[in-house]
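A.B. asks: with the sequence up front, the predicted model follows.
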Amino acid sequence: MENYIHELTMKVRDYECDLQGIVNNANYQHYLEHARHEFLLGTGTSFAALHEQGIDAVVARISMAFKTPLKSGDEFVCRLALKKEGIRYVFIQDIFRKADNKVVLKGVVEAVSLVNGRLAESPALNQLLAPYLPKE
């Protein structure tokens with residue numbers, strides 16, 4: 001079980017579903033991204049504010065394992081855990097269907113920071129996210 005530090009509840013909209021009546025796989029990336037953005041807002045800043053400081057957190061890699069499909073109208077919760085590996089921030093993001101708490105998706109999103117357009121550690125981002133990292 002992950003040590004989740006953030007969760008966001010959402011609901012599937014009709015237009016996110018494909019002809020099979022289930023959420024199209026590409027929409028899950030939107031759900032994960034929205035949860036990361038909301039998490040960042042909860043820290044007191046935003047991606048726009050970081051960008052204005054010359055700091056851009058960008059996705060380097062995403063892995064998603066689909067377990068159970070969501071359908072139109074389903075409510076779900078996206079839970080997020082965070083760890084740091086070298087220069088990468090690793091977001092463990094899992095989605096659960098609210099009706100039965102069934103695992104919908106297991107995701108890992110690796111992000112890095114660009115400082116003034118160059119791949120680099122960001123002391124400001126490190127300081128901002130330090131309280132949310134596991135204690136060693």
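C.D. replies: Structure's in. What do you need? Please read all numbers here as calculations on a predicted model, not as lab measurements.

A.B. asks: skipping adjacent residues, who's closest to residue 42 in space?
C.D. replies: Nearest residue to residue 42 in three dimensions, chain neighbours excluded: residue 6, at 6.5 Å (CB to CB, 6 or more residues apart in numbering). Just so you know, the C-beta spots here come from the backbone N, C-alpha and C atoms, and that holds for glycine as well.

A.B. asks: hmm, that neighbour is touching residue 80, no?
C.D. replies: Yes: applying CB atoms under 8 Å, one finds residue 6 in contact with residue 80, separated by 4.4 Å.

A.B. asks: which neighbours do those two have in common?
C.D. replies: Common neighbours of residue 6 and residue 80, counting by CB atoms under 8 Å, 6 or more residues apart in numbering, are 35, 39.

A.B. asks: hey, where'd the strands end up in this protein?
C.D. replies: 6-11, 55-66, 75-85, 88-97, 103-115, 118-119 (DSSP state E).

A.B. asks: which one of residue 6 and residue 80 has more residues nearby?
C.D. replies: Neighbours of residue 6 and residue 80, each counted by other CB atoms under 10 Å, are more numerous for residue 80; the result is 22 against 19.

A.B. asks: and the longest helix for the protein?
C.D. replies: helix 25-42 (DSSP state H).

A.B. asks: so which of the strands of the chain is nearest residue 26?
C.D. replies: Proximity to residue 26 (CB to CB) singles out strand 55-66 among the strands of the chain, at 10.2 Å.

A.B. asks: restricting to C-alpha, output the closest one in PDB.
C.D. replies: Output of strand 55-66 as PDB, limited to C-alpha atoms (Å, rounded to 0.1, in the frame of the first residue of the first chain):
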ATOM      1  CA  ILE A  55      11.200  26.500 -13.500                       C
ATOM      2  CA  ASP A  56       9.300  24.000 -15.600                       C
ATOM      3  CA  ALA A  57       8.500  20.500 -14.300                       C
ATOM      4  CA  VAL A  58       8.100  18.300 -17.300                       C
ATOM      5  CA  VAL A  59       7.100  14.700 -17.700                       C
ATOM      6  CA  ALA A  60      10.000  12.500 -18.800                       C
ATOM      7  CA  ARG A  61       8.200   9.100 -18.700                       C
ATOM      8  CA  ILE A  62       4.800   7.600 -17.900                       C
ATOM      9  CA  SER A  63       3.900   4.000 -17.200                       C
ATOM     10  CA  MET A  64       0.200   3.000 -16.900                       C
ATOM     11  CA  ALA A  65      -1.200  -0.400 -16.200                       C
ATOM     12  CA  PHE A  66      -4.900  -0.600 -16.900                       C
END
